[in-house]
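Engineer: following is a predicted model, sequence given first.
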Amino acid sequence: MKIKRVGLFCMVAGVALTGSSTVVGTMPAVPKIENLFQVTLDEDFTPDREVIVSMVEVPPNTTMERHWHPGEEFHYCLEGETELQIDGQASVMETPGKVSHVPYKKLHTVVTKEKGVKLLVFRVHKKGEPVRFLESGGELKK
């Protein structure tokens with residue numbers, strides 16, 4: 001009986017010390033990206049370019065890894081708020097109804113605080129290229 005009480009005490013103490021909703025060693029929050037639309041633009045109009053429209057949701061208290069795109073990117077903020085940080089430019093607060101622009105191949109990131117953000121993202125970029133290149137050297141094909 002004594003062993004069971006010690007085990008129960010250890011379990012309760014562990015939950016109290018770590019918090020009931022916190023698990024030690026959990027992965028950081030990751031943005032959710034859903035491509036809604038993709039179309040190649042007319043070759044006579046603008047060769048080798050496509051438009052990709054995505055829904056991007058970034059959880060609260062998240063900083064996306066710095067990255068750049070092989071094209072132009074436009075954000076329309078639907079919900080929440082984020083700070084858009086683009087190299088060489090002043091930061092922009094993205095709030096509902098606001099439209100922002102990320103220039104071609106500019107390193108940038110978004111930082112959320114206690115609120116996450118939901119953005120509708122429009123990209124006009126080089127056809128067949130990955131959507132995003134990470135500063136650390138990786139790429140995202142979505």
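Structural biologist: Arrived safely, thanks for sending. Numbering: from 1, shown residues only.
Engineer: pairing partners for the helix or strand hosting residue 72, with directions?
Structural biologist: Taking DSSP states H and E as the definition, residue 72 sits inside strand 71-80. Sheet neighbours of strand 71-80, with direction, are listed as strand 99-102 (antiparallel), strand 117-126 (antiparallel) (DSSP bridges).
Engineer: can you put those strands in CSV and add mean pLDDT?
Structural biologist: Listed next are these as CSV, based on pLDDT from 0 to 100:
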stretch, mean pLDDT
strand 99-102, 98
strand 117-126, 97
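Engineer: now, of those, which is deepest in the fold?
Structural biologist: Sort the strands paired with strand 71-80 by mean neighbour count, taking mean count of other C-beta atoms under 10 Å, and strand 117-126 sits at the top with a mean of 19. C-beta coordinates here come from the backbone N, C-alpha and C atoms, glycine included.
Engineer: sheet partners, orientation included, of the next helix-or-strand element following that one?
Structural biologist: Downstream of strand 117-126, the next assigned helix or strand under DSSP H and E is strand 132-134. Here strand 132-134 is paired, per DSSP bridges, with strand 67-68 (antiparallel), strand 139-140 (antiparallel).
Engineer: which among the strands paired with strand 71-80 is found nearest to residue 40?
Structural biologist: strand 117-126 (11.1 Å; C-beta to C-beta).
Engineer: dump the strand holding residue 72 to CSV, keeping only the CA atoms.
Structural biologist: The C-alpha trace of strand 71-80 is given here as CSV (Å, rounded to 0.1, in the frame of the first residue of the first chain):
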residue,chain,number,x,y,z
GLY,A,71,8.2,35.8,-56.5
GLU,A,72,6.0,38.5,-55.0
GLU,A,73,3.8,37.8,-52.0
PHE,A,74,0.7,39.6,-50.8
HIS,A,75,-1.0,39.0,-47.4
TYR,A,76,-4.6,39.8,-46.5
CYS,A,77,-5.2,39.5,-42.7
LEU,A,78,-8.4,37.7,-41.9
GLU,A,79,-8.1,37.2,-38.1
GLY,A,80,-5.7,37.9,-35.3
